[in-house]
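In: Got a predicted structure plus its sequence, pasted below:
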Amino acid sequence: MTDFVPPLPLRYTTPAGWAAVALAEPAALLSDHAHCEKKAALNALNLSLALTDSPRASVLLARLAEDELNHFRRVLEALQAFGWPLRPDGGNAYAQGLHKLAAKGLLDRLLMGALIEARSCERLWLLEQAGTAHPELGTAPWLAFLLELERCEAGHAVGYRSLALERFGPEAEARLDWWLDREAEVIAALPWTSAVH
Ligand SMILES: [Fe+2]
Ligand SMILES: [Fe+2]
């Protein structure tokens, strides 16, 4: 396994054993991920509207929302191809854990976006590494899709972080340092399930 460099300096490294647990129920994993992509699209759209005083930021976030909507549609298509139903949204304890800690409005919304994207990127990479050993998901198109998602979410993490820094300057750096510890605590405390996080 080659070393992975996350797009943000995450302070908790997911053990490689996590992927086997996540892949134990691939139908649940994919279904959960469809809901995650939908939420990522809606979040980016809402942020785009919150930043209309900065046309560049607003356009960047609208593009990001397009990426996520594209991911959502393709995860739905993958579910369809495998013959698996989209299950009801079971909620996302990871994102909820972060939201409970948020207090600084727009700055925290941008930084949480960066963190969630970076963590997703790390977990997608682990799935990609483990995927070749999976009987249903170890196929070339699936692995190529995971790689594409991983790279795209890495770009989103960098994009959210840049938007926070451009708008809030040094306050964003200090707050990101605080958030990196909080994110590590939240993700480390969560049980492993058939979900990206
Ligand atoms: Fe995505
Ligand atoms: Fe993303």
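Out: Received, thanks. Ligands and ions are numbered 1, 2, ... in the order given.
In: need the contact list for Gly131.
Out: 23, 137-138, 142-143, 146 (Cβ atoms under 8 Å, 6 or more residues apart in numbering). Where C-beta positions appear, they are placed from N, C-alpha and C, glycine not excepted.
In: I meant to write Leu110 there.
Out: 47, 160-161, 163-164, 167, 172.
In: Name the pair among the residues you listed with the greatest separation in space.
Out: Leu47 and Ala172 (14.6 Å; Cβ to Cβ).
In: show me the contacts for whichever residue of the chain sits closest to ligand 2.
Out: In the chain, the residue that lies nearest ligand 2 is His156 (3.7 Å; Cβ to the ion). Neighbour list for His156: 40, 64, 67, 113, 117 [criterion: Cβ under 8 Å, 6+ apart].
In: what helix or strand does the residue in the chain that ligand 1 sits nearest to sit in?
Out: Relative to ligand 1, the nearest point of the chain is His71 (3.7 Å; Cβ to the ion). Per DSSP states H and E, His71 falls inside helix 55-82.
In: Repeat that for Gly138.
Out: Using DSSP H and E, Gly138 falls outside every helix and strand.
In: can you list the residues of the chain near ligand 1?
Out: Proximity of the chain to ligand 1, by Cβ under 5 Å from the ion, involves residues 37, 68, 71.
In: Can you give me the buried ones in whichever strand or helix holds the first one?
Out: Assessed by DSSP H and E, Glu37 sits inside helix 26-50. For helix 26-50, burial by neighbour count (16 or more other Cβ atoms under 10 Å) applies to 26-41, 43-45, 47-48, 50.
In: tilt between that helix and helix 55-82?
Out: Relative orientation of helix 26-50 versus helix 55-82 (axes from the mean of the first three to the mean of the last three Cα atoms, to 10 degrees): 160 degrees.
In: Who are the packing partners of helix 26-50?
Out: Contacts defined by 3 or more Cβ pairs under 8 Å, 6 or more residues apart in numbering; DSSP states H and E place helix 26-50 against helix 55-82, helix 105-131.
In: Need those in JSON lines (columns: mean pLDDT and distance to Asp3).
Out: Shown next, in JSON lines, are the helices and strands packed on helix 26-50 (pLDDT from 0 to 100; distance: least, Cβ to Cβ, whole Å):
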{"stretch": "helix 55-82", "mean pLDDT": "96", "distance to Asp3": "25"}
{"stretch": "helix 105-131", "mean pLDDT": "95", "distance to Asp3": "10"}
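In: Go through these and name the closest to Pro88.
Out: Among these, helix 55-82 sits nearest to Pro88 (Cβ to Cβ), with 13.5 Å.
In: Poorly predicted segments of the protein, please.
Out: 1-2 (pLDDT under 70).
In: quick one on the thing from earlier: hmm, which two among the contacts of Gly131 are most spread apart?
Out: Once Cβ to Cβ is applied, the contacts of Gly131 give Leu23 and Leu143 as the farthest pair, at 12.3 Å.
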